[in-house]
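Trainee: Pasting the sequence and the predicted model now:
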Amino acid sequence: MTVPPLLSPEPEPGARAAAVLILFGEGPEGPDILLTERAATLNKHAGQPAFPGGRIDPEDGGPVDAALREAWEEAGVERAGVEVLATLPELYLRHSRHRVTPVAAWWREPSEIAPGHPGEVATVARVPIAELVDPANRLMVRDPSGVRLGPAFEVRDMLVWGFTAGLLTEVLDAGGWNRPWDTERVEDLPQKVLDLAARD
């Protein structure tokens, strides 16, 4: 997978290591990807849809262990049912000063999912790839000054934007799933999203 220019690794000293799990499965509506939505009460990344993941703790064996641990804690994903496929290039999030390693995996034996930490996770959802690549669900978002922030997805009552949408776009491209969509459909981020993002 090509590292998107805006996500190219240029870590500053002291950047914290983190990992996310890009979990593919075969759901009732076809191939899907697991997404979570962070609780609106959090001080960081409040209300934002995301891949399961978080900081790599000292007791973790590395990015894979961290991603699987977080998926269990956040969504109830049983580690034994997950087959890790690859560790993708590390990406640097300048805004939050995190070095993020995406871990791609196949959900060989899906488990029941539910928000694991009510104070941290509001929603968990298996989002069909067909829904993600539906042109009707694709758009670009901009901030109040009119600056384009990047691609976004409107799926399952969630607006997926920012880092997660950028990485998801690259994953869909790499898998050959993406379909042509109207990149001139540009909308402002909703005020609620802006208010939550302002906490970061």
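Mentor: That came through fine.
Trainee: pLDDT score for Ala50?
Mentor: Looking at Ala50, its pLDDT reads 94.
Trainee: Run through the bridge partners of it.
Mentor: Beta-bridge partners recorded for Ala50 (DSSP bridges): Thr36.
Trainee: wait, what's in contact with it?
Mentor: 20, 35-38, 163-164 (CB atoms under 8 Å, 6 or more residues apart in numbering). Glycine gets a C-beta too; all of them are placed from N, C-alpha and C.
Trainee: low-confidence ranges in this protein?
Mentor: 1-12, 41, 43-45, 199-200 (pLDDT under 70).
Trainee: and with 80 instead?
Mentor: Where the chain drops to pLDDT under 80, the residues are 1-14, 40-47, 94-96, 117-118, 196-200.
Trainee: Of all the strand elements in it, which one is longest?
Mentor: The residue-count maximum for a strand in the chain (DSSP state E) belongs to strand 16-27.
Trainee: Quick one: residues in contact with that strand.
Mentor: Residues from elsewhere that reach strand 16-27 (CB under 8 Å, 6+ apart): 31-34, 50-56, 63-64, 66-68, 70-71, 77, 82, 88, 97-107, 110, 126, 128, 167, 171.
Trainee: Check stretch 57-66 too.
Mentor: By CB under 8 Å, 6+ apart, the surrounding residues in contact with stretch 57-66 are 17-19, 53-56, 69, 84, 87, 101, 103.
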